[in-house]
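**Q** Sequence and predicted structure are below.
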Amino acid sequence: MSVRAFRVLLLLAFAAAANAQIAPAERRSGYEDMGQATRAMQDDDAVNPATLWVLEGESLWRKKTGAAAVACADCHQDLRGAAARHPAYDAATGTLVNLEQRINQCRTVRQQAPALAYESRALLALTAYVGRQSRGLPIQVEASERTKPFLDAGRATFLRRQGQLNLACTQCHDERAGRRLAGVTIPQGHPTAYPIYRLEWQGVGSLHRRLRNCMIGIRAEPYALGSQGYVELEMYLMWRARGMPLESPGVRP
Amino acid sequence: MARVVVTVPSQARRGEILQIRTLAGHDMETGFRHTQAGERIPRDIITRFACSYNGVEVFSAELHPAMAANPLIEFTTVATDSGTLEFRWSGDNGYSAAHSASIIVV
Amino acid sequence: MTTRRRFLLLAGGAAVSAATRAQLPPDIQARRKAALAEAVQKVTGGAPVRPGRVKLELPPLVDNGNAVPLAVEVESPMTPADHVAAIHVFTEKNPQPRVISARLGPRAGRARIATRARIADSGAVLAIARMSDGSFWSDSVSVVVTLSACLEDGLI
């Protein structure tokens, strides 16, 4: 083997060791880290508080909206699978869009209605309803040449130390997942259930809101909701969770 | 519009015990929280829930600030005759919500 | 008085009153115990409350005190002559102890209710049932309340 090849191999080995990724077979959804009572809350739509948002989403889905006076239901019979494969590459714009941005794209372009604010009740209701339609389906975001720059950017964020506590996501959620922090089990951090009814929020919220909570936790300046930085991180997290079934809308502490 | 979710069987045998689950969308502000400036956020909760079966009240509950947000109330009632189950919620600041469900009893 | 001195005095006064408002009184435990006793008294009218016949189900370790699922089931034939008339739930450590008071009767078929409570701190939850014969029975469960990591407002 040439010296150059040997150096490349060494570098790869070092990179692999430094990035303590969880083996695919050992991945666990945050669902498994919750108490039995909280899991029961998620399992039954009749008692899952997120059902209130799903119902609201359904009525928004059917409502003719905007200058074009069209409803989501007019074009889409259903959106089964959509939530499981977003963030997705948008060929028309050459950008990465997550589900919220895709919904807003439809609203502005096809319905000719104003975009819904991130974390607004209406947008959460729609993502809860669309997410619900993909429940049980395996997460499958595109990993290809054209999505590689976004995946790499998201991975870099996940591995980068940030904030006053100078912690990287990977240090808790790869290396120390399953261990305890302040009486709570550290989850692996897979976005398997978004939007979630978080008991702490007493309401439904998006992955970006949860990511902001994480960054505040490590005393970092959180990114803005809907920011490119979060969409790329979301892309990496969904890729990291590839194959895991979607639980949306879930319940989490 | 006040959102509620009611889960009740649409059909039952006479004498069967119906398991009814209800969810109401409401923040249930306790009245014990304060703003950053130190001002108390006033109480704003659902205070009463009642279920009537063909016009007769079969279950009711008084809710207090120690109820969680988006309150869940699960209870039972015996299937007597076919007809209508009516559910009503009322609370602070004129909050009210209602839902009705038909039941066929064979 | 110079404006600067006046400002400092006002600011100091405001800080003191805010601090005293924010502080819990030193006898808070005793106060909450008394509030619970008073709430129970209001419901029972001073009648004796006996442990038994009531089963209060709660997770022993709670993920988040904002929404704690609980269920109360009472042994009873639920006939017009012998049934559960009411179920009351209280918490020990909340600023206000009452959770829910449900009115039942023979039409319930079974004396069982379930809901979700807010529990501010680790402590006891109490369920009291009033029977059709006027007697009161109870059950009590202790819960440990943990708090989620990574909050929004940086409370830590």
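**A** Everything's here; your move. Residues are numbered from 1 along each chain as shown, chains lettered A, B, ... in the order given.
**Q** What residues are bridge-paired with the residue minimising distance to the centre of chain C?
**A** Nearest to the mean C-alpha position of chain C, by CA atoms, centre = their mean, lies residue C:91 at 2.3 Å. Residue C:91 has the following beta-bridge partners by DSSP bridges: residue C:125.
**Q** Show me how far stretch A:238-249 is from its chain's centre.
**A** The chain centroid and the centroid of stretch A:238-249 are separated by 8 Å under CA atoms, centre = their mean, to the nearest Å.
**Q** Spell out whether it and chain B are in contact.
**A** No - Stretch A:238-249 stays clear of chain B (CB under 8 Å from any CB of the partner chain), getting no nearer than 12.7 Å. Yep, even glycine has a C-beta here, placed from its N, CA and C like the rest.
**Q** And that stretch, end to end?
**A** Start to finish, the residues bounding stretch A:238-249 are 16 Å apart (CA to CA, to the nearest Å).
**Q** Pull out the buried residues from it.
**A** Under the neighbour-count criterion of 16 or more other CB atoms under 10 Å in any protein chain shown, stretch A:238-249 has A:238, A:239, A:240, A:241, A:244, A:245, A:246, A:247, A:248, A:249 buried.
**Q** Touching, the fifth one and residue A:189? I think so.
**A** No - counting by CB atoms under 8 Å, residue A:244 does not reach residue A:189; the two are 11.9 Å apart.
**Q** so where is chain C shaky, pLDDT-wise?
**A** C:1-23, C:148-156 (pLDDT under 70).
**Q** at 80 what do you get?
**A** Along chain C, the parts satisfying pLDDT under 80 run over C:1-25, C:146-156.
**Q** Please apply the same query to the stretch 51-200 of chain A.
**A** Low-confidence segments of the stretch 51-200 of chain A (pLDDT under 80): A:182-183.
**Q** Spell out which parts of it neighbour chain B.
**A** Those residues of the stretch 51-200 of chain A that sit near chain B, judged by CB under 8 Å from any CB, are A:51, A:52, A:55, A:56, A:197.
**Q** ok, 10 Å please
**A** Proximity of the stretch 51-200 of chain A to chain B, by CB under 10 Å from any CB of the partner chain, involves residues A:51, A:52, A:53, A:54, A:55, A:56, A:59, A:121, A:125, A:197, A:199.
**Q** any idea how far the first one is from chain C?
**A** Looking back up the chat, that one is residue A:51. Look at residue A:51 and chain C: by CB to the nearest CB, to the nearest Å, they are 14 Å apart.
**Q** And that residue, how far from residue A:202?
**A** Per CB to CB, to the nearest Å, residue A:51 is found 15 Å from residue A:202.
**Q** thinking again about what came up before, residue contacts, the residue nearest to the centre of chain C?
**A** Contacts were defined as CB atoms under 10 Å, 6 or more residues apart in numbering or on different chains; by that measure residue C:91 touches B:64, B:66, C:32, C:36, C:39, C:65, C:68, C:70, C:97-99, C:117-121, C:123-126, C:143.
**Q** Apply 8 Å and report the result again.
**A** B:66, C:97, C:99, C:117, C:118, C:119, C:120, C:123, C:124, C:125, C:126 (CB atoms under 8 Å, 6 or more residues apart in numbering or on different chains).
**Q** name the element the residue sitting nearest the centre point of chain A belongs to?
**A** Centroid-nearest residue in chain A, with CA atoms, centre = their mean: residue A:191, separated by 4.3 Å. Under DSSP states H and E, no helix or strand contains residue A:191.
**Q** was I right about it contacting residue A:236?
**A** No - counting by CB under 8 Å, residue A:191 does not reach residue A:236; the two are 10.1 Å apart.
**Q** thinking again about what came up before, any chance of CSV for the residues of the stretch 51-200 of chain A next to chain B, columns secondary structure and distance to residue C:112?
**A** Formatted as CSV, those follow (DSSP: H, G, I helix; E, B strand; the rest coil; distance: CB to CB, whole Å):
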residue, secondary structure, distance to residue C:112
A:51, helix, 22
A:52, helix, 24
A:53, helix, 28
A:54, helix, 27
A:55, helix, 26
A:56, helix, 30
A:59, helix, 32
A:121, helix, 34
A:125, helix, 32
A:197, strand, 24
A:199, coil, 24
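**Q** Of all pairs in these, which one is the farthest apart?
**A** Pairwise distances across these peak at 25.4 Å for A:59 and A:199 (criterion: CB to CB).
**Q** Which one's more surrounded, these two?
**A** residue A:199 (25 against 12; other CB atoms under 10 Å in any protein chain shown).
**Q** Against residue C:124, how distant is the more buried one?
**A** 21 Å.
**Q** And the residue of the stretch 51-200 of chain A closest to chain B?
**A** When scored by CB to the nearest CB, the stretch 51-200 of chain A has residue A:52 as its residue closest to chain B, at 4.2 Å.
**Q** Show me the residue sitting in the middle of chain B in space.
**A** Mean-position check on chain B, CA atoms, centre = their mean. Result residue B:49 at 4.5 Å.
**Q** quick check, that one in a strand?
**A** Yes - Residue B:49 sits within a strand when classified using DSSP: H, G, I helix; E, B strand; the rest coil.
**Q** so what pLDDT did it get?
**A** Note for residue B:49: predicted pLDDT of 98.
**Q** wait, it sits on residue B:89?
**A** Yes - the criterion here is CB under 8 Å, and residue B:49 meets it with residue B:89 at 5.2 Å.
**Q** Identify the contacts common to those two.
**A** Shared contacts of residue B:49 and residue B:89, defined by CB under 8 Å, 6+ apart, are found at residue B:24.
**Q** which regions of chain B lie under the pLDDT threshold?
**A** B:1-2.
**Q** now the helices for it?
**A** When assigned using DSSP state H, chain B turns out to have no helices.
**Q** Enumerate the residues of it near chain A.
**A** Contact residues, chain B versus chain A (CB under 8 Å from any CB): B:3-5, B:7, B:21, B:23, B:25, B:27-28, B:68-70, B:72, B:74.
**Q** Now tabulate the residues you listed in JSON lines and tack on neighbour count.
**A** Converted to JSON lines, the residues of chain B next to chain A look like this (neighbours: other CB atoms under 10 Å in any protein chain shown):
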{"residue": "B:3", "neighbour count": "18"}
{"residue": "B:4", "neighbour count": "18"}
{"residue": "B:5", "neighbour count": "21"}
{"residue": "B:7", "neighbour count": "16"}
{"residue": "B:21", "neighbour count": "17"}
{"residue": "B:23", "neighbour count": "25"}
{"residue": "B:25", "neighbour count": "22"}
{"residue": "B:27", "neighbour count": "12"}
{"residue": "B:28", "neighbour count": "24"}
{"residue": "B:68", "neighbour count": "23"}
{"residue": "B:69", "neighbour count": "22"}
{"residue": "B:70", "neighbour count": "26"}
{"residue": "B:72", "neighbour count": "21"}
{"residue": "B:74", "neighbour count": "19"}
